[in-house]
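Undergrad: Take this sequence and fold it.
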Amino acid sequence: MSLDAVLARIDDDLPNAIDRLMELLRIQSISTDPAFKAQCSKAADWLVADLKSLGVQAETRETPGHPMVVGHVEGPEDGTGPHVLFYGHYDVQPVDPLELWDNDPFDPQIEDTAKGKVIRGRGSSDDKGQLMTFVEACRAWKAEFGKMPCRITFFFEGEEESGSPSLVPFLEQNKNDLKADLAFICDTGLFESRVPAIITQLRGLLGEEMTITAANKDLHSGMFGGLAMNPIRVLSGVLANLHDDQGRIQVPNFYDGVPELSPEISEQWKALEFNHSEFLGDVGLSDPAGEQDRSPIEMIWSRPTADVNGIWGGYTGDGFKTVLPAQAHAKVSFRLVGTQDPHAIRKEFRAWVEAQLPDDVSVTFHGHGASAAGQMSTVHPAFEASRAALGAEWGFEAAFAGCGGSIPVAGFFETILGMDSMLVGWGKDDDQLHSPNEKYDVESFHKGIRSWARILDAIT
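TA: This next block holds a predicted model:
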């Protein structure tokens, strides 16, 4: 079998592949809004029909929310080769504020920009365009050779943008049907919009909301100021103590389970030559604010964080009100790495806050999620084979990279299905995910399809 023949077919069929993507993008599959429930079902049905056209045994499966799409196709008759699961999501973010879109978000268009042609429309990058790169690679393979290169399970979710409430129960109920040797997830991007990356580290997330209370009512600052404790003063002191002057987080035992980079990964990251000045300059900043003994790329990929996401209390309306508020509030989030235990950190954080409170002051907490970090093993030979395949397509050596955000499904595949995930994507930094005028470069779509063909060839 010739990979060159598959790549040539992908090139020739690109206009048709774009037309198919456009058809999927026109479906308004907004998962968070009940008004679009029928549209979500329509998107799931569209994908089932498309998979069936490739000879995949596909169907929708109902959940309490939006349907899952599951499809299976067998590999070589001799049973050789891996069994891979490909995951993507067909639901999209709401389009608000609509007035900031240049065109109808569900009437996708090809646009010429200074950086090349783009596909403009909601879901073009997150995640319909990414999802379809794998489907189109399989289509080209099937058209060229009459069969798929290996055994493949397709798994498309319709609730990723609304917190995936049905995902864990569905995985637990369908373990035997979904388990494979390795999972592919296409919901990430290129490093600095040009270098292919295989994400092997995902930060976890812990959220804490706290309310600090002093007096039993708001007080007149002229009568009580100087005598009564102001909870905003207490809260400000606690938050100021969260980091030392070198950027290290001061919660006791916070760094338990934080690993050091291996020499191999460290060298790969150095080779990327991350330009933090440009990265920060794009948002009007210049100086890295994390742990000062760490490189900027470590700060965003492999080091944990503590951030104040919101703080309020007292009078914040127009004019002025001289009041000592009874309460002050803050929301704090922690991005976690390695084997940090979010539940242990929650306990330590709460005890650390309480120890700083003066007499007459109390605190209550409300937790918001507690997910551990994901660390993908790269022992499976498919990882190095895929890294080489990506380098051949993009002209840059691919890296095993980190990701500052969280993609919970990768962790669920590990804990529930017992399989590693390879996270590869072709998005660019300016795709405007979740924002008005979302786009996906035609180059990302085209080379993404070719990349999956190369990966499938490399691992079989």
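Undergrad: List phi and psi for the residue nearest to residue 175 when sequence neighbours are not counted.
TA: Computed as Cβ to Cβ, 6 or more residues apart in numbering, the closest residue to residue 175 that is not its neighbour in sequence is residue 417, at 6.2 Å. From N, CA and C alone the C-beta is placed, and that goes for glycine too. In terms of degrees, to the nearest 10, the main-chain angles of residue 417 are phi -100, psi -10.
Undergrad: And residue 57, by the same measure?
TA: The phi/psi pair for residue 57 (degrees, to the nearest 10) is phi -80, psi 100.
Undergrad: Spatially nearest residue to it (excluding sequence neighbours)?
TA: Spatial nearest neighbour of residue 57, chain neighbours left out: residue 72 (5.1 Å); criterion: Cβ to Cβ, 6+ apart.
Undergrad: Next one, pLDDT for the residue nearest to residue 175 please.
TA: Residue 417 is assigned 97 on the pLDDT scale.
Undergrad: residues near the residue nearest to residue 57, how many?
TA: The number of residues packed near residue 72 is 18, by other Cβ atoms under 10 Å.
Undergrad: Tell me if I am right that it is in a strand.
TA: Yes - per DSSP: H, G, I helix; E, B strand; the rest coil, residue 72 lies within a strand segment.
Undergrad: For it, name its beta-bridge partners.
TA: For residue 72, the beta-bridge partners are residue 57, residue 153 (DSSP bridges).
Undergrad: Can you give the domain ranges for this structure?
TA: 3-202+374-459, 204-258+304-371 (automatic domain parsing).
Undergrad: For those, state which one has the densest average packing.
TA: Across the domains of the chain, the average number of neighbours (mean count of other Cβ atoms under 10 Å) peaks for domain 3-202+374-459, which reaches a mean of 19.
Undergrad: Distance from that domain to the middle of the chain?
TA: Relative to its parent chain, domain 3-202+374-459 has a centroid offset of 13 Å by Cα atoms, centre = their mean, to the nearest Å.
Undergrad: and the end-to-end length of it?
TA: With Cα to Cα, to the nearest Å as the measure, domain 3-202+374-459 spans 12 Å from end to end.
Undergrad: do you know which of the domains of the chain lies nearest residue 267?
TA: Across the domains of the chain, residue 267 has its closest neighbour in domain 3-202+374-459 (9.6 Å, Cβ to Cβ).
Undergrad: mind checking how far the residue nearest to residue 175 is from residue 454?
TA: 26 Å (Cβ to Cβ, to the nearest Å).
Undergrad: repeat for residue 187
TA: 19 Å.
Undergrad: repeat for residue 183
TA: From residue 183 across to residue 454, the span is 18 Å (Cβ to Cβ).
Undergrad: Please save the CA atoms from the helix or strand where residue 233 lies in PDB.
TA: For residue 233, the host element (DSSP states H and E) is helix 231-240. In PDB, the C-alpha atoms belonging to helix 231-240 read as follows (Å, rounded to 0.1, in the frame of the first residue of the first chain):
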ATOM      1  CA  PRO A 231     -13.200  41.500  56.100                       C
ATOM      2  CA  ILE A 232     -11.800  43.000  52.900                       C
ATOM      3  CA  ARG A 233      -8.600  43.800  54.700                       C
ATOM      4  CA  VAL A 234      -8.500  40.200  56.000                       C
ATOM      5  CA  LEU A 235      -9.200  38.800  52.500                       C
ATOM      6  CA  SER A 236      -6.600  41.000  50.900                       C
ATOM      7  CA  GLY A 237      -4.000  39.900  53.300                       C
ATOM      8  CA  VAL A 238      -4.800  36.200  52.700                       C
ATOM      9  CA  LEU A 239      -4.700  36.600  48.900                       C
ATOM     10  CA  ALA A 240      -1.400  38.600  49.100                       C
END
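Undergrad: Can you give me the pLDDT of the one residue sitting closest to the centre of the chain?
TA: Nearest residue to the geometric centre of the chain (Cα atoms, centre = their mean): residue 407, 4.3 Å. For residue 407, the pLDDT comes out at 83.
Undergrad: What of residue 375?
TA: On the pLDDT scale, residue 375 is placed at 84.
Undergrad: How about residue 1?
TA: Confidence at residue 1, expressed as pLDDT, is 62.
Undergrad: cool, residue 349 as well?
TA: Residue 349 is assigned a pLDDT of 98 by the prediction.
Undergrad: Kindly report the same for the one 4 residues further on.
TA: Reading off the per-residue confidence, residue 353 sits at a pLDDT of 98.
Undergrad: Tell me how far it lies from residue 258.
TA: To residue 258, residue 353 is 21 Å away according to Cβ to Cβ.
Undergrad: and if you look at residue 419?
TA: Applying Cβ to Cβ, the value for residue 419 to residue 258 is 25 Å.
Undergrad: Any idea which helix or strand in this structure has the lowest mean pLDDT?
TA: Least confident element among the helices and strands of the chain, by mean pLDDT, DSSP states H and E: strand 374-375 (a mean of 84).
Undergrad: Identify the residues contacting the residue nearest to residue 175.
TA: Contact analysis of residue 417 by Cβ atoms under 8 Å, 6 or more residues apart in numbering lists 171, 175, 178, 179, 180, 183.
Undergrad: Just the pLDDT for the nearest residue to residue 248 once chain neighbours are set aside.
TA: Distances taken as Cβ to Cβ, 6+ apart put residue 291 closest to residue 248, at 5.6 Å, once the chain neighbours are dropped. pLDDT recorded at residue 291 is 98.
Undergrad: Near residue 291, how many other residues are there?
TA: When neighbours are counted by other Cβ under 10 Å, residue 291 registers 19.
Undergrad: swap in the one 4 residues further on?
TA: Counted with other Cβ under 10 Å, residues neighbouring residue 295 total 19.
Undergrad: roughly how far apart are it and residue 281?
TA: Distance of residue 295 to residue 281, given as Cβ to Cβ: 17 Å.
Undergrad: who's in contact with residue 57?
TA: Residues in contact with residue 57 (Cβ under 8 Å, 6+ apart) are 71, 72, 73.
Undergrad: Residue 208: which element?
TA: For residue 208, the host element (DSSP H and E) is strand 204-213.
Undergrad: Which residues are in contact with the spatially closest residue to residue 325 that is not a sequence neighbour?
TA: Counting by Cβ to Cβ, 6+ apart, residue 314 is the residue found nearest to residue 325 once chain neighbours are left out, at 3.9 Å. Residues in contact with residue 314 (Cβ under 8 Å, 6+ apart) are 218, 232, 321, 323, 324, 325, 328.
Undergrad: quick one, what contacts the residue nearest to residue 248?
TA: When contacts are counted by Cβ under 8 Å, 6+ apart, residue 291 touches 246, 247, 248, 299, 303.
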